[in-house]
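J.: Give me coordinates for this.
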Amino acid sequence: MSDPDAPKPEEFHNEPVSDLPGVAAFATMGLTVAATVGVGVLLGILADNAWGAAPLWLVIGLVLGTVAAVVSVKQLIRRFL
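T.: Numbers count the residues shown, from 1 in each chain. Prediction:
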C-alpha cells in the first residue's frame, strides 16, 4: 500500500540545485593559494631576518609559494574534470 501524499520519484528532479559544491571548491582554491603563497613569503622574510640577505629569500619564498599554489590548484581542478 502506498501513501497518496508521498512524493513521486519524478517530483524530486524539479527541486532547485544548490551551487554550494561549486562555491566551496572555489573557496578552497582561494584559501589554498592564499595559504601557500603566504607561507612562502613568511618563511622568506624569516630567512632574510636570520641570514641578512634582504630580498633574496623573500623572492625565493614567493616563487616557491606560487609554484606550490599552482600545483595545489591544479590537483583540485583535476577532481572536477
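J.: and residue 52, what does it touch?
T.: Neighbour list for residue 52: empty [criterion: CB atoms under 8 Å, 6 or more residues apart in numbering]. The C-beta positions use only the backbone N, C-alpha and C, and glycine is treated the same way.
J.: how much space is there between the residue nearest in space to the middle of the chain and residue 53?
T.: In the chain, the C-alpha closest to the average C-alpha coordinate belongs to residue 29, at a distance of 1.9 Å (CA atoms, centre = their mean). According to CB to CB, to the nearest Å, residue 29 stands 32 Å off from residue 53.
J.: returning to what we had before: which pLDDT value goes with the residue nearest to the centre of the chain?
T.: You'll see residue 29 listed with a pLDDT of 92.
J.: Quick check, it in contact with residue 75.
T.: No: if you go by CB atoms under 8 Å, residue 29 and residue 75 don't touch, sitting 10.3 Å apart.
J.: Next, count neighbours for residue 39.
T.: 15 (other CB atoms under 10 Å).
J.: what helix or strand is it on?
T.: Counting by DSSP states H and E, the element that carries residue 39 is helix 20-51.
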